[in-house]
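Colleague: Got a predicted structure here, sequence first:
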Amino acid sequence: LLGLALALASLLPAAGARRSQDLHCGACRALVDELEWEIAQVDPRKTIQMGSFRINPDGSQSVVEVPYARSEAHLTELLERVCEKMKEYGEKLDPATQRKSYVRVISHDGTKMDLSGVKFDGDVINSLKFAVCE
């Protein structure tokens with residue numbers, strides 16, 4: 001009985017490590033998916049002025065226009081809002097591998113989604129939100 005208890009105790013950290021890895025990988029994928037979708041929504045012709053707004057001795061300024069979609073200002077704005085987007089995700093268990101993944105439960109465009117086998121509750125949302133934001 002003691003040998004069985006020791007064998008089970010040695011397996012527990014591995015299961016916890018896999019859960020942690022599944023959570024962090026899922027959080028990273030969710031973060032990238034959200035950023036890519038938001039970037040794709042921006043008009044590709046929209047630009048923003050970047051550079052120094054100081055006036056050079058000759059009276060000119062060193063200002064450059066860059067695409068807004070992937071500019072630092074836009075990405076910073078997106079990262080400030082991404083935590084709230086984690087409310088739109090749920091946890092799905094792959095029956096073959098027993099690995100957890102995180103999927104959207106609310107589509108961006110309003111199309112109906114297949115939510116069979118998806119768990120979305122406060123614990124899932126909080127753990128995913130913590131992994132992304134903290």
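Modeller: Received it, and whenever you're ready, just let me know what you need.

Colleague: Give me the residue at the spatial middle of this structure.
Modeller: L31 (1.4 Å; Cα atoms, centre = their mean).

Colleague: Give me the nearest residue to that one, chain neighbours excluded.
Modeller: Closest residue to L31 apart from its sequence neighbours, by Cβ to Cβ, 6 or more residues apart in numbering: V132 at 5.4 Å. For every residue, glycine as well, the C-beta is placed using N, CA and C.

Colleague: What is the subsequent helix or strand relative to the least confident helix or strand in the chain by mean pLDDT?
Modeller: Across the helices and strands of the chain, mean confidence by mean pLDDT, DSSP states H and E is lowest for helix 2-40: a mean of 73. Helices and strands here follow DSSP states H and E; after helix 2-40, the next one along the chain is strand 47-55.

Colleague: Report the backbone C-alpha coordinates of that next one in CSV.
Modeller: Provided in CSV are the C-alpha atoms of strand 47-55 (Å, rounded to 0.1, in the frame of the first residue of the first chain):
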residue,chain,number,x,y,z
THR,A,47,-1.2,55.2,-40.8
ILE,A,48,0.2,57.0,-37.7
GLN,A,49,3.0,59.4,-37.4
MET,A,50,6.0,58.1,-35.5
GLY,A,51,9.4,59.6,-34.7
SER,A,52,10.7,62.7,-33.0
PHE,A,53,8.6,65.8,-32.9
ARG,A,54,11.6,67.9,-32.3
ILE,A,55,12.6,70.6,-34.8
